[in-house]
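This is the structure alone, sequence omitted:
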């Protein structure tokens, strides 16, 4: 049976090494709850029950170094230095022990600047009442995905996507033909 998307078994989210207090049922795959990978979706989306603790944890971690501001309902921050120096790593933890580590640039988007400070916003959006988590292009960038359709598995590796595709030969030892 072909599915229009790939389901993942997300179990928890950690910010700066601390697992957030999110009921695991929020991520449990069922007929009305799902976590999917969708490279056609620009941002990432979390169910409200996961988004609120996530945004709070990020804000609490950086509130001494930056000025939190709300912009159109999205949590943003005024920053005068590099986001990688201030913001913590985030880990998406999946069944089987796999974790996807997100750098600040993988969950924040730069919006504009105000008076010499850059405005960076959380690139995850809150979805109310749908029970869906979507990992879009924001968190998928700089990663190469491998789909094991027979084994019903997805794997990924970090990759600096600034290189040309011809560099895949060096990374994988051969070029893959896509049909």
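Yep, it's here. These numbers were taken from a predicted model, which means no experiment stands behind them.

burial of the nearest residue to residue 109 once chain neighbours are set aside, as a residue count?
Once flanking residues are discounted, residue 109 sits nearest to residue 123: 4.4 Å by CB to CB, 6 or more residues apart in numbering. (Glycine included, C-beta is placed from N, CA and C.) Other residues within reach of residue 123, judged by other CB atoms under 10 Å, total 20.

Just the pLDDT for residue 123.
Model confidence at residue 123, given as pLDDT, is 92.

surely it meets residue 105?
No: assessed by CB atoms under 8 Å, residue 123 is found out of contact with residue 105, at 9.3 Å.

Beta-bridge partners for the spatially closest residue to residue 19 that is not a sequence neighbour, please?
Spatial nearest neighbour of residue 19, chain neighbours left out: residue 12 (5.1 Å); criterion: CB to CB, 6+ apart. Note on residue 12: beta-bridge partners residue 93, judged by DSSP bridges.

Residue 12 contacts residue 23, doesn't it?
No: when contacts are counted by CB under 8 Å, residue 12 is not listed as touching residue 23 (10.1 Å).

The two: who's more crowded?
Neighbour count, other CB under 10 Å: between residue 12 and residue 23, residue 12 has more, with 17 against 10.

Which residues are in contact with the more buried one?
19, 20, 22, 24, 27, 93 (CB atoms under 8 Å, 6 or more residues apart in numbering).

let's see 10 Å
Residues near residue 12 by CB atoms under 10 Å, 6 or more residues apart in numbering: 19-22, 24, 26-27, 50, 91-94, 99.

now the biggest helix by length in the chain, how far from the chain's geometric center?
Once the chain is assigned using DSSP state H, the helix that runs over the most residues is helix 48-62. Relative to its chain's centre, helix 48-62 lies at 13 Å (CA atoms, centre = their mean, to the nearest Å).

Give me the packing partners of the next helix or strand after it, helices and strands only.
Helices and strands here follow DSSP states H and E; after helix 48-62, the next one along the chain is strand 67-71. When contacts are defined as 3 or more CB pairs under 10 Å, 6 or more residues apart in numbering; DSSP states H and E, strand 67-71 packs onto helix 48-62, strand 74-79, strand 108-114, strand 117-122.

among the ones you listed, which is nearest residue 39?
strand 108-114 (16.5 Å; CB to CB).

Name the residues of the closest one that are buried.
Neighbour counts using 16 or more other CB atoms under 10 Å place 108, 109 of strand 108-114 among the buried residues.

which other residues reach that strand?
Contacts of strand 108-114 (CB under 10 Å, 6+ apart): 42-43, 58, 67, 69, 71-72, 74-80, 83-84, 87, 90, 102, 118-124, 138.

Narrow those to just the buried residues.
43, 58, 74-79, 83, 87, 90, 102, 118-124, 138.
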